[in-house]
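Participant: Predicted structure and sequence below. I'll ask about it afterward.
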There are 2 protein chains.
Amino acid sequence: MMVAYSPEIELDSVDQKILQILQNDGRLTNAELAKQVHLSPPAVHARVKRLEQKGVIARYVALVDRQKVGYDNLCFVEFSLQLHRYEQIQNILDKVTSWPEVLECHNVTGEYDYVLKVAVKNTQSLEHFISKKMIPLEGVAKVHTTLVLKEVKATTAINILDD
Amino acid sequence: MMVAYSPEIELDSVDQKILQILQNDGRLTNAELAKQVHLSPPAVHARVKRLEQKGVIARYVALVDRQKVGYDNLCFVEFSLQLHRYEQIQNILDKVTSWPEVLECHNVTGEYDYVLKVAVKNTQSLEHFISKKMIPLEGVAKVHTTLVLKEVKATTAINILDD
DNA sequence: CTAGTATGCTGAATATCATTCAGAATGAGG
DNA sequence: CCTCATTCTGAATGATATTCAGCATACTAG
């Protein structure tokens, strides 16, 4: 069965399986992938290239163990904007997204306007981030920080298969 | 200069550069990587293998464009536990982390005990997740959902280089 | 029903790349 | 100054991706 999610992109069950597998091992060899989906290597290769070209596979990345490189400290930083400063949004977002400690920035509903996922080395660097980077931002009203005590689950893989 | 973050793991500036590069392109060829860090392919290969073996590089993954596969809807679901149900924590976490729509689960400080990052297809599936999966969990007190209106930045790459 | 066309497959051939290895260079410690 | 450990390089090898010709299948139009 074909499933068209987004316009122009149809994924059959083999495509779905390929995505499911590559989301868990982005470096699996083409031959091994072919074996798992019961196709020949060239057939799988063509499908993977198509998925890359269509942007379904956005990119391949190596995931680094944060703790092993000293970025043990994860937190969520929420902030909202001053009502009369909405023309500065882009300016603020440009700055915020340029900071390497900011892994994610989401515009959200609720009490705050934005949520950041931030990785820092320790409490000192977090304090520095909040007081020297966040607070001085022109147009920011409230800032609220939530510390992550334990990362219970962390995956980048979304469920592609039909439910 | 050598930097020892975690015990037994030292990363020189070449290792750091390798990590920086592979975090942005996990499928870069060894030869190309070698060129970028000004070393021979075998030398780089040995370093990458060492980083993998030490667990600094945890894994390689393909990142899928959520919108292109119909999982447009991202949200944060916070919940806290009933005080007298703390013995059920593991039970709850086992269930929560087994659900494929839950990408992340963090134990956090603040008003709620846990924050989930959840990817669903649409409002219906979010409603289903909240009312049919979260609410029925024995021992869960409060549940609060924040919708992501726009993903402004999303990276998995942490800044390895010294600051 | 059938010719024509498009799509997607396979297996063999080729090209690219990872991986191994021997030997050379470098730096630290005695 | 010598020795050992580390890490490098370049050449050789092996594994893998990639290309291609030919074949099967399904769909379309007459």
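Facilitator: Great, that's in hand. These numbers were taken from a predicted model, which means no experiment stands behind them.
Participant: what's near enough to touch the most far-flung residue of chain A relative to its centre?
Facilitator: Here the centre of chain A is the reference, and by Cα atoms, centre = their mean the most remote residue is A:Ser40, at 32.1 Å. The contact partners of A:Ser40, taken as Cβ atoms under 8 Å, 6 or more residues apart in numbering or on different chains, are A:Ala34. Where you see a C-beta, it was placed from the backbone N, CA and C, and this is true even at glycine.
Participant: do A:Leu116 as well
Facilitator: A:Leu116 sits next to A:76-79, A:96, A:102, A:104-106 when contact means Cβ under 8 Å, 6+ apart.
Participant: Near DNA strand C, which residues of chain A are found?
Facilitator: Counting by Cβ under 7 Å from any atom of the strand, chain A comes close to DNA strand C at A:14, A:39-43, A:46-47.
Participant: change it to 10 Å
Facilitator: By Cβ under 10 Å from any atom of the strand, the residues of chain A that approach DNA strand C are A:2, A:10, A:12, A:14-15, A:27, A:29, A:34, A:37-47, A:50.
Participant: From these, which land in strands?
Facilitator: Within these, residues falling in strands by DSSP state E are A:Glu10.
Participant: Using PyMOL, define a selection of the buried residues within the residues of chain A next to DNA strand C.
Facilitator: Buried members of those, defined by 16 or more other Cβ atoms under 10 Å in any protein chain shown, are picked up in PyMOL with:
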select buried, chain A and resi 15+34+37+39+44+47
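Participant: check the residues of chain A next to DNA strand C against DNA strand D, which are close?
Facilitator: Among the residues of chain A next to DNA strand C, the residues that sit close to DNA strand D (Cβ under 10 Å from any atom of the strand) are A:2, A:27, A:29, A:34, A:40-46.
Participant: Minimum pLDDT in those, which residue is that?
Facilitator: Ranked by pLDDT, those bottom out at A:Met2 (53).
Participant: separation between the nearest residue in space to A:Gly139 that is not next to it in sequence and A:Glu32?
Facilitator: Distances taken as Cβ to Cβ, 6 or more residues apart in numbering or on different chains put A:Arg85 closest to A:Gly139, at 3.4 Å, once the chain neighbours are dropped. A:Arg85 sits 53 Å away from A:Glu32, taking Cβ to Cβ, to the nearest Å as the criterion.
Participant: Could you do A:Arg50 as well?
Facilitator: With Cβ to Cβ as the criterion, A:Arg50 and A:Glu32 are 19 Å apart.
Participant: Run through the residues of chain A sitting next to DNA strand D.
Facilitator: Proximity of chain A to DNA strand D, by Cβ under 10 Å from any atom of the strand, involves residues A:2, A:27-34, A:40-46, A:48-49, A:52.
Participant: Okay, domains of chain A per the record?
Facilitator: With domains defined by automatic domain parsing, chain A comprises A:3-53, A:67-147.
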